[in-house]
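> quick one: sequence plus predicted model below, questions after.
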2 protein chains.
Amino acid sequence: MNDSVENPKIPAFVLVRPQMGENIGAAARAMWNFGLDRMRIVAPRDGWPNPAADAMASGAGRLLDEAIVYDDLAGSLGDAAFVFATTARDRDLTKPVYSPEAAMAKAAELIAQGQRVAVMFGPERAGLENDDIARANAIVSVPVNPQFASLNLAQCVLLMGYEWMRAQAEIIPEQVEMAGTDWADNSEIEHLARHFEERLDVAGFFYPEHKAASMKVNLRNMWSRLPLTRADVQTLHGTLRQMVRWKERG
Amino acid sequence: MNDSVENPKIPAFVLVRPQMGENIGAAARAMWNFGLDRMRIVAPRDGWPNPAADAMASGAGRLLDEAIVYDDLAGSLGDAAFVFATTARDRDLTKPVYSPEAAMAKAAELIAQGQRVAVMFGPERAGLENDDIARANAIVSVPVNPQFASLNLAQCVLLMGYEWMRAQAEIIPEQVEMAGTDWADNSEIEHLARHFEERLDVAGFFYPEHKAASMKVNLRNMWSRLPLTRADVQTLHGTLRQMVRWKERG
């Protein structure tokens, strides 16, 4: 029960009465995928340590070595200023309900203020009991298909870990549209369009003659609309030059 | 290969060369948790149907019954106007990179416009190959701990399904540029890419020989990245045909 190794800057994930060792190991892997390594385990059915958990955790075994095991739930939550209870089912409880995204944003905010946060996950089949949820400040409801809500323990841990990482990554733009790409500038597109027009003219592409002008406009429109890089433009020039060489070989 | 049962209002999830039946079954469960039931499978290692997949899919077995199995990747993507390739590693490819959230928001937007969307998932260990990714319009990069990126196939499917469900909650119909445009689908782009490759091969473009393979991948990447309309594709085919006629006139 050495708490001192834990990093207070991330939430503790608390597995409440987990059953299968395999699932505890899979939960460790899911956590470490998102940089989370504060695992707490309350009254594991098969005791602790658990060889099946170790076997499954490969690469994330350290989390199991450092996991803190408690006999009862109250002990595992003692240091937390704010506790979330995860659930896939709707509960008739008077408590704020957060989406996973909102929950982990709230967790990040509380932690930035120096508070400790814990997230509870229930046992495999039954999930958290109402007595467990009563100890939470808020519920996290994972949106699933109402016809088929079958997230397992590690999957629920995975989604919360994913949202934790997303909450950290505010600086990272949602969509990196080819950052750093060397886009062709307007004069290069113009040059490419002219090159195509000249070669295709020689090849007799713009036919019949009364349609030639609108065909040329359409081609220009296409080149200027496409997001071409400098490398694309060079490649396309190269294809034209090669066609000419091919022609000249006769 | 009966496509008619598929619902075009959701993305197809395409498992590319999956190995273990258990993982295919787990992927089906992950999908159905978020209301997704369009599964496509390309060249499954252990053939199809697969009893191990059925055993794992309990409750989501219908997805396996209705899954469409393809011999090659091109067939599986043929009807898609926009294809995402999921990857946990950074790739040195000139293609837009989306977060899972941005990707599924984009998918929802495209689907609302009547387009078909596919999301590719690679085989368990190796992930998608560069040749596979060359057929995608964009990459989805899942943010994971750089020290421990060990998402399995079903977990990757789970995260994308989760983001799909989140994207449904808030579809804000945007005024999208070129709404109503008749975009080329993947099979048309594939055909165009092959046509260019064949003509340029004959013309001696892919030289020196040891660079030919990478030159071809670069060209494929370019064609799949560009937002080409059906009319653009016809124009580009026409330019090639005209070059051949020009050559043949001697």
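Everything's here; your move.
> neighbours around residue A:128, how many?
23 (other CB atoms under 10 Å in any protein chain shown). Glycine gets a C-beta too; all of them are placed from N, C-alpha and C.
> phi, psi of it?
Main-chain dihedrals, residue A:128, degrees, to the nearest 10: phi -70, psi 140.
> residue A:83 is in contact with that one, correct?
No. In this structure, residue A:128 is not within contact of residue A:83 by CB atoms under 8 Å, at 11.2 Å.
> give me the common contacts of those two.
Taking CB atoms under 8 Å, 6 or more residues apart in numbering or on different chains as the criterion, residue A:128 and residue A:83 both touch residue A:120.
> gap between the most centrally placed residue in chain A and residue A:80?
With distances taken as CA atoms, centre = their mean, residue A:162 lies nearest the centre of chain A, 5.2 Å away. When CB to CB, to the nearest Å is applied, the distance between residue A:162 and residue A:80 equals 21 Å.
> and the residue nearest to residue A:17 when sequence neighbours are not counted, what is it in contact with?
Closest residue in space to residue A:17, ignoring its immediate chain neighbours: residue A:123 at 4.4 Å, by CB to CB, 6 or more residues apart in numbering or on different chains. Neighbouring residues of residue A:123 by CB under 8 Å, 6+ apart: A:16-19, A:45, A:153.
> which strand or helix spans residue A:237?
Assigned by DSSP states H and E, residue A:237 falls within helix A:230-249.
> quick one: is that helix near chain B?
Yes. Helix A:230-249 lies within reach of chain B by CB under 8 Å from any CB of the partner chain, at A:231-232, A:235, A:238-239, A:242-243, A:245-247.
> who touches that helix?
Here helix A:230-249 makes contact (CB under 8 Å, 6+ apart) with A:182-184, A:188-189, A:191-192, A:195-196, A:199, A:228, B:94, B:196, B:200, B:202-205, B:218-219, B:222, B:243, B:246-247.
> what residues go with each domain of chain A?
For chain A, automatic domain parsing gives the domain ranges A:12-170, A:186-249.
> buried deepest among the ones you listed, which one?
Compared across those, domain A:12-170 shows the largest average neighbour count, a mean of 19 (mean count of other CB atoms under 10 Å in any protein chain shown).
> so for that domain, mean pLDDT?
Across domain A:12-170, the average pLDDT comes to 91.
> how far does that domain sit from the chain's center?
17 Å (CA atoms, centre = their mean, to the nearest Å).
> excluding chain neighbours, give the residue nearest to residue A:122 in space.
In this structure, residue A:122 finds its nearest non-sequential neighbour in residue A:128, 3.6 Å apart by CB to CB, 6+ apart.
> make sure residue A:229 is actually in contact with residue A:185.
No. Residue A:229 lies out of contact with residue A:185 (CB under 8 Å); the separation is 10.9 Å.
> export the domains of chain A to CSV and tack on distance to residue B:59?
Shown next, in CSV, are these (distance: least, CB to CB, whole Å):
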stretch, distance to residue B:59
domain A:12-170, 6
domain A:186-249, 44
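> out of those domains, which gets nearest to residue B:87?
For the domains of chain A, proximity to residue B:87 was assessed by CB to CB; domain A:12-170 is nearest, at 14.7 Å.
> endpoints of stretch A:32-39, how far apart?
End-to-end distance of stretch A:32-39 (CA to CA, to the nearest Å): 10 Å.
> ok, it near chain B or not?
Yes. Contact between stretch A:32-39 and chain B, assessed by CB under 8 Å from any CB, occurs at A:32-35.
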